[in-house]
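*Asks:* A structural model of the following input is requested.
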Amino acid sequence: MWSSVSTTRREVRFDLALCAVCPLQDRCPAASRAGGKERRWQYTLARVEQYQRRQAEQGGAFTERYRWRAGIEGTMSRLKHQMQLACLRVRGVGAVRYAVFLRALGLNIYRVAAWRRARAAAAA
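*Replies:* Predicted structure coming up:
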């Protein structure tokens, strides 16, 4: 087995004799060249980091920590798109804070009205 080093892409080559006795051969991502004497695996460091991050996201600790963010994402999306918070026509910290407060209040009023309509429809 040997590897080449590049700034963007890395390659590892495996001898076919080693691959023949590997118990994980059926799940091996290394491609065999037609008539070649080796198998090779090419990757980038960014892909390795992405794979490691996705493996960490499968754990229960990540799910527990992420659930708070997942709960607020819908509200932030509604504020941005429905209440047009992405494009404010005011400048200054005080004016922006006031505009955001009023739009968040408007979203809450909208949600309460929708909840009351749904409750009245269910009761009827």
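
*Asks:* Now do stretch 81-88, average pLDDT.
*Replies:* The average of the pLDDT scores along stretch 81-88 is 89.

*Asks:* Give me the distance from it to the chain's centre.
*Replies:* Mean C-alpha position of stretch 81-88 versus that of the full chain (CA atoms, centre = their mean, to the nearest Å) differs by 23 Å.

*Asks:* Mind listing what's buried along that stretch?
*Replies:* 83, 85 (16 or more other CB atoms under 10 Å). The C-beta positions use only the backbone N, C-alpha and C, and glycine is treated the same way.

*Asks:* Endpoints of that stretch, how far apart?
*Replies:* One end of stretch 81-88 to the other measures 12 Å (CA to CA, to the nearest Å).

*Asks:* The helix ranked longest in the chain: which residues count as buried?
*Replies:* Using DSSP state H to define each element, the chain has its longest helix at helix 93-123. By neighbour count on 16+ other CB under 10 Å, the buried set for helix 93-123 is 103, 107.
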